[in-house]
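*Asks:* Build me a model:
(4 chains)
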Protein chains: 2
Amino acid sequence: MSRGHIRVTEALRDEACPVTEVLDRVAGKWSIGILIAAAHGPVRFTELERSINGISRRMLTLTLRRLERDGLLVRTVYPTVPPKVEYTVTPMARELHDSLTGLVGWAERHRSAIAEARAAYDTATEQRPDID
Amino acid sequence: MSRGHIRVTEALRDEACPVTEVLDRVAGKWSIGILIAAAHGPVRFTELERSINGISRRMLTLTLRRLERDGLLVRTVYPTVPPKVEYTVTPMARELHDSLTGLVGWAERHRSAIAEARAAYDTATEQRPDID
DNA sequence: CTGCATCCTACACGATACTG
DNA sequence: CAGTATCGTGTAGGATGCAG
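*Replies:* Model (predicted):
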């Protein structure tokens, strides 16, 4: 698929908005989980697949590739008979770790509060369709 | 046990995916920008629209609604002749601020490094056997 | 074991126009 | 000023199957 001109657009947008830039890299449903799981040391493909609950093989591969492309992960292939591949976080990605765990910790602390806020909002927002 | 890092991944899995939860809330192209922009005090709709470069009115509204629903923003309407609406971050959202600015700061520090990593990766990947 | 190819659906997002 | 309504696009992500 040739998307050369698309890259230009992306580059322009990234220049304009550093905030968007963060999200484009760390966004995705599984990026943070992978980065945290790999933060402590080299992790194998299957190891990630098992530890990250709910991820499909396809998304694991795609996310891994994108993180590798952005220089957040290093992929090491051992040409053994059963293939062995290890993913290691780069120093750059390691700098992200604190913010990432901060995010996760925040989510854990406020999970119930958020659920309540949602329920309250939805209840208050529920309009009766038949108000004549 | 010599494989202590396994415990971390297991912990991640046991959490019923708080990671996904964070992203579901903070994800979206504009959430972080809005939360940071509103962190210093009440912000009006148009004020946000002007300060966040590139956001459409529709996405601003949608993101605002979602953040409000999750209890991260409080929406205050002043029934004046020209409508006035202010959005204020909740204490819960304020706790996120450090992690958020951490992310943005990280992005700014490593922007060029990431761009280089991307270019290098793409160059190494575009080894086309035959050129059309 | 570690992927890639293909098909498909959901939804995030943008553009535009209209409104109290 | 602060939205809502509608339409169209791209793409993230899931399911499944094949391969080195």
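
*Asks:* And for the residue nearest in space to the middle of chain A, nearest residue in space, chain neighbours not counted?
*Replies:* Closest residue to the average C-alpha location of chain A: residue A:31 at 2.0 Å, with C-alpha atoms, centre = their mean. Leaving aside its sequence neighbours, residue A:31 sits nearest to residue A:63 (C-beta to C-beta, 6 or more residues apart in numbering or on different chains; 5.7 Å). In short, each C-beta sits where N, CA and C put it, glycine included.

*Asks:* Let me know whether the lengthiest helix in chain A sits next to chain B.
*Replies:* Using DSSP state H, we find that the single longest helix of chain A is helix A:91-125. Yes. Helix A:91-125 reaches chain B (C-beta under 8 Å from any C-beta of the partner chain) through A:92, A:95-96, A:98-99, A:102-104, A:106-111, A:113-114, A:116-118, A:121-122.

*Asks:* Let me know the pLDDT of the residue nearest to the centre of chain A.
*Replies:* pLDDT for residue A:31: 94.

*Asks:* what's it in contact with, if anything?
*Replies:* A:25, A:63, A:66, A:67 (C-beta atoms under 8 Å, 6 or more residues apart in numbering or on different chains).

*Asks:* Tell me how far the residue nearest to residue A:31 lies from residue B:59.
*Replies:* Applying C-beta to C-beta, to the nearest Å, the value for residue A:63 to residue B:59 is 24 Å.

*Asks:* likewise residue A:71?
*Replies:* The gap separating residue A:71 from residue B:59 is 29 Å, by C-beta to C-beta.

*Asks:* what do you get for residue A:55?
*Replies:* According to C-beta to C-beta, residue A:55 and residue B:59 sit 28 Å apart.

*Asks:* And the pLDDT at whichever residue of chain A sits closest to DNA strand C?
*Replies:* Across chain A, no residue is closer to DNA strand C than residue A:46, which sits at 3.0 Å (C-beta to the nearest atom of the strand). pLDDT, residue A:46: 96.

*Asks:* Can you name the element that comes right after the helix or strand hosting it?
*Replies:* Residue A:46 belongs to helix A:45-51 when elements are defined using DSSP states H and E. Sequence-wise, the next helix or strand downstream of helix A:45-51 (DSSP H and E) is helix A:57-69.

*Asks:* follow-up on the earlier one: which one of residue A:63 and residue B:59 has more residues nearby?
*Replies:* Neighbours per residue (other C-beta atoms under 10 Å in any protein chain shown) separate residue A:63 from residue B:59, with residue A:63 holding more: 22 against 15.

*Asks:* how much space between the nearest residue to residue A:78 once chain neighbours are set aside and residue B:73?
*Replies:* Distances taken as C-beta to C-beta, 6+ apart put residue A:84 closest to residue A:78, at 4.1 Å, once the chain neighbours are dropped. As judged by C-beta to C-beta, residue A:84 and residue B:73 stand 47 Å apart.

*Asks:* out of the two, which sits in the more crowded spot?
*Replies:* More neighbours surround residue B:73 than the other of residue A:84 and residue B:73, with 23 against 13 (other C-beta under 10 Å).

*Asks:* burial count for the residue lying closest to the more buried one once chain neighbours are set aside?
*Replies:* Sequence neighbours aside, residue B:67 is the residue nearest to residue B:73 in space, at 4.4 Å (criterion: C-beta to C-beta, 6+ apart). Residues lying near residue B:67 (other C-beta under 10 Å) number 25.

*Asks:* List the contacts of residue B:67.
*Replies:* By C-beta under 8 Å, 6+ apart, the residues touching residue B:67 are B:31, B:34, B:35, B:73, B:93.

*Asks:* burial measure for the third one, as a count.
*Replies:* When you say that, I think you mean residue B:35. Neighbour tally, residue B:35, other C-beta under 10 Å: 23.

*Asks:* from the chain's centre, how far out does the strand or helix carrying it sit?
*Replies:* Counting by DSSP H and E, the element that carries residue B:35 is helix B:31-37. What separates the centre of helix B:31-37 from the centre of its chain is 7 Å, taken as C-alpha atoms, centre = their mean, to the nearest Å.

*Asks:* quick check, that helix touching DNA strand C?
*Replies:* No. Judged by C-beta under 7 Å from any atom of the strand, helix B:31-37 makes no contact with DNA strand C; its nearest approach is 7.7 Å.
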